[in-house]
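Chemist: Mind looking at a prediction? Sequence and model below.
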Amino acid sequence: MFNKICVMGLGYIGLPTSSLFATNGIKVIGVDINKHVVDTINSGDIHIEEPGLKTLVSAAVKSGNLVASLEPQEADAFIIAVPTPFKHSDNVIKEADMSYVELAMKMILPYLKKGNLVILESTSPIGTCEKLLKPIIESANFSVGEDIYLAHCPERVLPGKILKEAISNARIIGGINEKSSKLAEKLYRTFVEGEIYLTNATTAEMCKLMENTYRDVNIALANELANICSKIGINAWEVIEYANKHPRVNIHSPGPGVGGHCISVDPWFIIEKFPNEANIIKLCRITNDNQPKNVVNFIKKIDQEIEIKKITIMGITYKGNVDDTRESPAIEVINLLKENFDNISISIYDPHVKDKKFEISNLEDAFKNSDLALLLTNHNDFKYLSPDEIGKIMNKKIIYDTRNCLDLSKWEKAEFRTYLLGRD
Ligand SMILES: NC(=O)c1ccc[n+]([C@@H]2O[C@H](COP(=O)([O-])OP(=O)(O)OC[C@H]3O[C@@H](n4cnc5c(N)ncnc54)[C@H](O)[C@@H]3O)[C@@H](O)[C@H]2O)c1
């Protein structure tokens, strides 16, 4: 039934998905509008960092089952896995940017034929299947649910473990009708071993938004409690660890803010549509977005005591052990530091980031003559740094850990003055 599929978007979601289908015997045309992405994949290489992905893509391309292209082709099913960011603006409430999804659907349209299945994997605002995709398909005189089947199948994979989780996670599939859900289930069963739950499209859309909103709200609570603990003079990380020993408590980790393309974005899709009802959700978004400012205010306090002229940023990705900088709070911290300090010198050390738009220094240059090491991302690499060696090249030995990543007692032994978010 599904011999050939077309996947729109070959990023963190579309590329692993394409490769998993291809290595399970399905012919995949992977489409991306970025020529560099298409050329890299066709050469058997990858343009993003994800454990195991290079080997899988290389095998998929070698088998002849995965071909990347700038244009779609006729296929049995089409999967849309393009970005759904928010529009950057000064508005308090952010709006979803659905232009990528709309374009991807319009690109597919000339290749659609009766009996095809269209799946939206991109995280999308409520009503996207019914109100955005369905009318586009109908504009080509197809009846959705009869001629063309349509379903939303949101992704829940964890970057760093995408390949494992794509196979083992439970999935929610929401069809525009029952037949659409069942067809999508059949397709995903090619490689998905986790439970598959069938529902309608709107429920699946809301389910994905609810999951990430829960996490954003939980992190906002952790941030608020951490800020209170530091006022009291106790260690929030220790309190959270003990609180989570309660069998029904799971408080997330505080930090310098929330980033990434999911948790910091998806709650806005609910707020935008329900600004009068989504009060807690909005407050939590604002709470988390305020964290970079709190970090910079804390550095200003340190600066009143000890003059800071050079800061070394440790990590600019939105979370540890990935190369993804989208919506990273570290970038906001850097911008705020530049705004708040005259003539400050900032160097960045991030062993995961290859993106040329950031000036990433090597270890030596990053820490040389620095007055403050500011850890914003919990990369494992940082745990293996030698405080003695770093101390030798820094100008002043001060470290501020906003992620509880380091064993600060080791840095104190090397005569560092240490600060921890949620404690100091
Ligand atoms: N990355 C994750 O961990 C994750 C997890 C769950 C859900 N999601 C959701 O999955 C979707 C995709 O995210 P991602 O992280 O893979 O994004 P990404 O930016 O890594 O990849 C998207 C790719 O789509 C391409 N693209 C844009 N418009 C296109 C078009 N019209 N046709 C073909 N290609 C096009 C881009 O060039 C890019 O390579 C988003 O909605 C995101 O919220 C991502």
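Modeler: Yes, it's here. Numbers count the residues shown, from 1 in each chain.

Chemist: Just give the closest residue to the residue in the stretch 51-200 of the chain that the ligand sits nearest to, not the sequence neighbours.
Modeler: Going by Cβ to the nearest ligand atom, the ligand is nearest to Ser122 of the stretch 51-200 of the chain, at 3.3 Å. Using the backbone N, CA and C atoms, a C-beta is placed for each residue, glycine as well. Leaving aside its chain neighbours, Ser122 sits nearest to Thr84 (4.7 Å; criterion: Cβ to Cβ, 6 or more residues apart in numbering).

Chemist: For Leu120, see how far away that neighbour is.
Modeler: Distance, Thr84 to Leu120, by Cβ to Cβ, to the nearest Å: 10 Å.

Chemist: Counting neighbours, go ahead and name the busier of the two.
Modeler: The residue with more neighbours, out of Thr84 and Leu120, is Leu120; 29 against 23, by other Cβ atoms under 10 Å.

Chemist: I'd guessed that one sits against Cys129; true?
Modeler: Yes: between Leu120 and Cys129 there is a contact under Cβ atoms under 8 Å: 6.2 Å.

Chemist: Mutual contacts of these two, please.
Modeler: When Cβ atoms under 8 Å, 6 or more residues apart in numbering defines a contact, the residues bordering Leu120 and Cys129 alike are Leu150, Ala151, His152.

Chemist: residues making contact with whatever helix or strand Leu198 lives in?
Modeler: Per DSSP states H and E: Leu198 is located in strand 196-200. Where contact means Cβ under 8 Å, 6+ apart, the residues beyond strand 196-200 that reach it are 170-176, 178, 181-182, 185, 188-189, 207.

Chemist: picking that back up, assess the claim that the residue of the stretch 51-200 of the chain closest to the ligand and Ile80 are in contact.
Modeler: Yes: with contact defined as Cβ under 8 Å, Ser122 and Ile80 form a contacting pair (5.8 Å).

Chemist: what touches both of those two?
Modeler: Contacts common to Ser122 and Ile80, judged by Cβ under 8 Å, 6+ apart, are Gly9, Val101.

Chemist: wait, Asn3 sits on Asp76?
Modeler: Yes: in this structure Asn3 lies within contact range of Asp76 using Cβ under 8 Å: 6.0 Å.

Chemist: Neighbour count: the two, which is higher?
Modeler: Asp76 (18 against 10).

Chemist: Excluding chain neighbours, what is closest to that one?
Modeler: Among residues not flanking Asp76 along the chain, Phe2 sits closest, at 4.8 Å (Cβ to Cβ, 6+ apart).

Chemist: That neighbour reaches Lys186, doesn't it?
Modeler: Yes: with contact defined as Cβ under 8 Å, Phe2 and Lys186 form a contacting pair (7.3 Å).

Chemist: which residues are in contact with both of those two?
Modeler: With contacts taken as Cβ under 8 Å, 6+ apart, Phe2 and Lys186 have no neighbour in common.

Chemist: Just the strands from the chain, written as ranges.
Modeler: Assigned by DSSP state E, the chain shows strands spanning 4-8, 27-31, 66-69, 77-80, 117-120, 149-152, 171-175, 196-200, 310-314, 345-349, 372-375, 398-401, 417-420.

Chemist: Return the set of buried residues in the last one.
Modeler: Yep, that's strand 417-420 we're talking about. Judged by neighbour count (16 or more other Cβ atoms under 10 Å), strand 417-420 contains these buried residues: Thr418, Tyr419, Leu420.

Chemist: wait, doesn't the first one sit right on Glu412?
Modeler: Yes: if you go by Cβ under 8 Å, Thr418 and Glu412 touch, sitting 5.6 Å apart.

Chemist: Need phi/psi at Leu406.
Modeler: phi -100, psi 160 (degrees, to the nearest 10).

Chemist: Quick one: neighbours of it, just the number.
Modeler: Counted with other Cβ under 10 Å, the neighbours of Leu406 add up to 21.

Chemist: which residue ends up closest to the midpoint of this protein in space?
Modeler: The C-alpha lying nearest the average C-alpha coordinate of the chain belongs to Gly260 (Cα atoms, centre = their mean; 3.5 Å).

Chemist: Now do the contacts for Val61.
Modeler: Ile41, Asn42, Ser43, Gly44, Val67.

Chemist: neighbour-wise, which of those leads?
Modeler: Top of those by neighbour count (other Cβ under 10 Å): Ile41, with 25 neighbours.

Chemist: check contacts around that residue.
Modeler: Ile41 neighbours (Cβ under 8 Å, 6+ apart): Leu10, Leu15, Gly30, Asp32, His47, Val57, Val61, Leu66, Ala68.

Chemist: Go again with 6 Å.
Modeler: Ala68 (Cβ atoms under 6 Å, 6 or more residues apart in numbering).

Chemist: Show me what stretch 202-216 is in contact with.
Modeler: Here stretch 202-216 makes contact (Cβ under 6 Å, 6+ apart) with 123-124, 126, 152, 154, 172, 174, 262-263, 266-267, 269-270, 281, 284.
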